[in-house]
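# I'd like to go over a predicted model; first the sequence, then the structure.
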Number of protein chains: 2
Amino acid sequence: MPGARDLPHPDAASLVLTDVLFALSDPSRLALVRRLAQAPLEVSACHPTEGKVPKSTLSHHLKTLREAGVIRNVPEGRHRYVSLRREDLDDRFPGLLDAVLRATAD
Amino acid sequence: MPGARDLPHPDAASLVLTDVLFALSDPSRLALVRRLAQAPLEVSACHPTEGKVPKSTLSHHLKTLREAGVIRNVPEGRHRYVSLRREDLDDRFPGLLDAVLRATAD
DNA sequence: CCGAGAGTTCAACTATTATCGAACCGTGCC
DNA sequence: GGCACGGTTCGATAATAGTTGAACTCTCGG
């Protein structure tokens, strides 16, 4: 199998609550998570809706979310798909993601 | 009125989600919140169950939690009572606190 | 095979947070 | 009043997180 440009993802059972909370505690990351809750996105589509950010900055935020187990970031051809790990989060921390998403976006 | 050694607390309506998440994202603060979920405590009782911490450090954590609106810290005679702002949090972010508290403590 | 496109990683810098001693402030008791 | 006690605030330092350009990797199309 030629692919294998995979990034490390923690498995569902080993997610740490404080790491998840921290990852979600940044407004720009939370805004992205909200968008991912509607549909997966390519990395290039993960840029904030207003004002562009350097790709290294975006990549860093994606890393924080990925290492906390909030998102999955998988290669797909020449692109990458970013998606919310909704089931894993619901399984490990029932109700948490829903509560966060339900809160009024400030 | 003699009292008036009151610290500022944000009102329920103005709580900011990311600030709350950040306040809860620290293990020692979260551990304290878990204990406060069972009963209010005096500040002196807020020290971690194992190993003591300088009072200035504890006070700093209390400040972070208070400014995020997670706890209330009110003077009571010579002591201070620290309590969880459960209703305010439930009102502003329904289900959030429950989900956090329900998650297995690591 | 070479170049362009999509993203991550690296390294350096800045900014925010944590930690802790020391100074300070109220309160209650003598 | 004076003093011990419970806590917060201040100030300095250490640690962690955010930002960004440049270098690097991989994939696809010619």
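Noted; the coordinates are in hand.

# Number of residues surrounding residue A:53?
Other residues lying near residue A:53 total 14 when counted by other CB atoms under 10 Å in any protein chain shown. For glycine as for every other residue, the C-beta is placed from the backbone atoms N, C-alpha and C.

# And it, how close does it get to chain B?
17 Å (CB to the nearest CB, to the nearest Å).

# before we move on, which element is the residue in chain A that DNA strand D sits nearest to in?
Residue of chain A nearest DNA strand D, by CB to the nearest atom of the strand: residue A:56 (3.0 Å). For residue A:56, the host element (DSSP states H and E) is helix A:55-68.

# any residue of that helix up close to DNA strand C?
Yes - in terms of CB under 7 Å from any atom of the strand, part of helix A:55-68 sits within range of DNA strand C, namely A:55-56, A:58-60, A:62-63.

# now those in CSV, with neighbour count?
Shown next, in CSV, are these (neighbours: other CB atoms under 10 Å in any protein chain shown):
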residue, neighbour count
A:55, 12
A:56, 7
A:58, 18
A:59, 13
A:60, 12
A:62, 20
A:63, 14
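
# For chain A, list the residues in contact with DNA strand D, please.
So chain A meets DNA strand D at A:2-5, A:22, A:26, A:28, A:53-57, A:59-61, A:64, A:75, A:77-78 (CB under 7 Å from any atom of the strand).

# which of those are buried?
The neighbour-count test (16 or more other CB atoms under 10 Å in any protein chain shown) marks A:22, A:26, A:61, A:64 as buried among the residues of chain A next to DNA strand D.

# can you tell me how far the residue nearest to the last one when sequence neighbours are not counted sits from residue B:17?
Right, the one you point to is residue A:64. Spatially, and ignoring its direct neighbours in sequence, residue A:64 is nearest to residue A:23 (5.4 Å; CB to CB, 6 or more residues apart in numbering or on different chains). Distance, residue A:23 to residue B:17, by CB to CB, to the nearest Å: 13 Å.
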